[in-house]
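Engineer: Sequence first, then the predicted structure:
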Amino acid sequence: MSRPGSRTPDTKKVSGELFSLTYGALVAQIVKDYQSVEDVNKQLEKMGYNIGVRIIEDFLARTKEGKCTDFRDTAEKVQMGFKMFINVSPTITSWTSASDEFSLIFESNPLAEFVELPDNYSHLKYSNILCGAIRGALEMVHLEVAAWFAQDNLKGDNVTELRVKFIRKIEDTVPAGDD
């Protein structure tokens, strides 16, 4: 028998907190496994890349979105992906005049919700997995990009800012002899 007036927990908040804590445990284990902070940063980016390569198919299947018309359209799809997969909606801002680079501004970083970096880990890119996921997902739709953190709440900044820069469109190539 249930208690009258008992509240049911907000499952989105509970699963978000569980995700954040699980990610923290993952990062802690990678820090133990690798010798340098730079190696940890590379490993987090690589893991994110592998996630992005796989998650793009799920995104396209769920949204039924067609090809992007330009890089601004791509930015909106990236924003949709964040909402869909980790339930945050970053603000798209700071476009370059050539419209080949933009920022995603996160008021709060869901990965870093319960985190404080020790001084000796000031160069750790704690959420680098997000940069890798963007790079991997966009590569699967034939866009080569660079992604990096320009600002980070964990390092004392007011917001977390992730920059994304278009590098080139990846052309389909046919292996020699497969004409």
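Structural biologist: Okay, I see it.
Engineer: The residue lying closest to Glu76 once chain neighbours are set aside: neighbour count?
Structural biologist: The shortest distance from Glu76 to any non-neighbouring residue, by CB to CB, 6 or more residues apart in numbering, is to Ile92 (7.0 Å). Bear in mind the C-beta positions are built from the backbone N, C-alpha and C, glycine included. Ile92 is flanked by 16 other residues according to other CB atoms under 10 Å.
Engineer: Who does Ile92 form a beta bridge with?
Structural biologist: In this entry, Ile92 is beta-bridged to Leu104, by DSSP bridges.
Engineer: Make sure it is actually in contact with Ser99.
Structural biologist: No. In this structure, Ile92 is not within contact of Ser99 by CB atoms under 8 Å, at 11.5 Å.
Engineer: Tell me where this protein is predicted with low confidence.
Structural biologist: Along the chain, segments meeting pLDDT under 70 span 1-16, 173-179.
Engineer: ok, for Gly132, nearest residue in space, not its chain neighbours?
Structural biologist: Gly48 (2.4 Å).
Engineer: Buried residues in stretch 140-154, which are they?
Structural biologist: Met140, Val141, Leu143, Val145, Ala147, Phe149, Gln151, Asp152, Asn153, Leu154 (16 or more other CB atoms under 10 Å).
Engineer: helices and strands around the helix or strand hosting Cys131, which ones?
Structural biologist: Assigned by DSSP states H and E, Cys131 belongs to helix 128-140. On a contact count with 3 or more CB pairs under 8 Å, 6 or more residues apart in numbering; DSSP states H and E, helix 128-140 meets helix 37-63, helix 71-86, strand 143-151, strand 160-169.
Engineer: In TSV: these, plus distance to Glu17.
Structural biologist: Listed next are those as TSV, based on distance: least, CB to CB, whole Å:
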stretch	distance to Glu17
helix 37-63	20
helix 71-86	12
strand 143-151	22
strand 160-169	18
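Engineer: before we move on, the earlier item: for the residue nearest to Glu76, what are its contacts?
Structural biologist: Each residue near Ile92 by CB atoms under 8 Å, 6 or more residues apart in numbering is listed here: Ala75, Glu76, Gln79, Phe102, Ser103, Leu104, Ile105.
Engineer: Can you give me the distance of the most centrally placed residue in the chain to Asn120?
Structural biologist: With distances taken as CA atoms, centre = their mean, Leu130 lies nearest the centre of the chain, 2.2 Å away. From Leu130 across to Asn120, the span is 23 Å (CB to CB, to the nearest Å).
Engineer: can you check Ser97 too?
Structural biologist: 40 Å.
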